[in-house]
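attaching a predicted model along with its sequence, questions to come.
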Amino acid sequence: MFSSTRVIFSERIQFHRSLLSSSVQYGIVWYILWLGGIARGGNFPKNLVAGHHFLLFIFQLMLQYWELSFIP
């Protein structure tokens, strides 16, 4: 009983870590695109959209870390 609970929690942690890494990668890609847009002096709305996506991913990461820290 006790070991099965541990297995469930370790699987849950692994799942969250994979989610976390994919979010980090996606956020980094958006950040690079955003910085590239600023460096080029390109369209302001496009830069704004990319920056907005990056901030959303940072917020999502914070939520996931917070949820991970409260796993019993």
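Structure received.

which stretch of helix or strand covers residue 59?
helix 44-69 (DSSP states H and E).

go on, residue 32?
Using DSSP H and E, residue 32 falls in helix 2-40.

quick one: pLDDT of residue 10?
If you check residue 10, the pLDDT there is 69.

look up how far residue 25 lies from residue 11.
As judged by CB to CB, to the nearest Å, residue 11 and residue 25 stand 22 Å apart. For glycine as for every other residue, the C-beta is placed from the backbone atoms N, C-alpha and C.

for residue 58, what are its contacts?
residue 27 (CB atoms under 8 Å, 6 or more residues apart in numbering).

how close does it get to residue 52?
According to CB to CB, residue 58 and residue 52 sit 11 Å apart.

again, but for residue 24
Separation of residue 24 from residue 52 (CB to CB) stands at 17 Å.

swap in residue 18?
Going from residue 18 to residue 52 by CB to CB gives 25 Å.

average pLDDT for stretch 18-38?
Mean pLDDT, stretch 18-38: 72.

in it, which residues are buried?
Within stretch 18-38, the residues that count as buried by 16 or more other CB atoms under 10 Å are 23, 27, 30-31, 33-34, 37.

so which of the residues you listed is the closest to residue 65?
Checking the buried residues of stretch 18-38 against residue 65 with CB to CB, the nearest one is residue 23 at 10.5 Å.

how close does residue 22 sit to residue 57?
According to CB to CB, residue 22 and residue 57 sit 10 Å apart.

for residue 23, what are its contacts?
Per CB under 8 Å, 6+ apart, neighbours of residue 23: 57, 60-61, 64.

may I ask which of those has the most neighbours?
Ranked by the number of neighbours (other CB atoms under 10 Å), these place residue 57 first, at 18 neighbours.

so that residue sits against residue 26, correct?
Yes: counting by CB atoms under 8 Å, residue 57 touches residue 26, with 6.0 Å between them.

that concludes my questions; thank you for your assistance.
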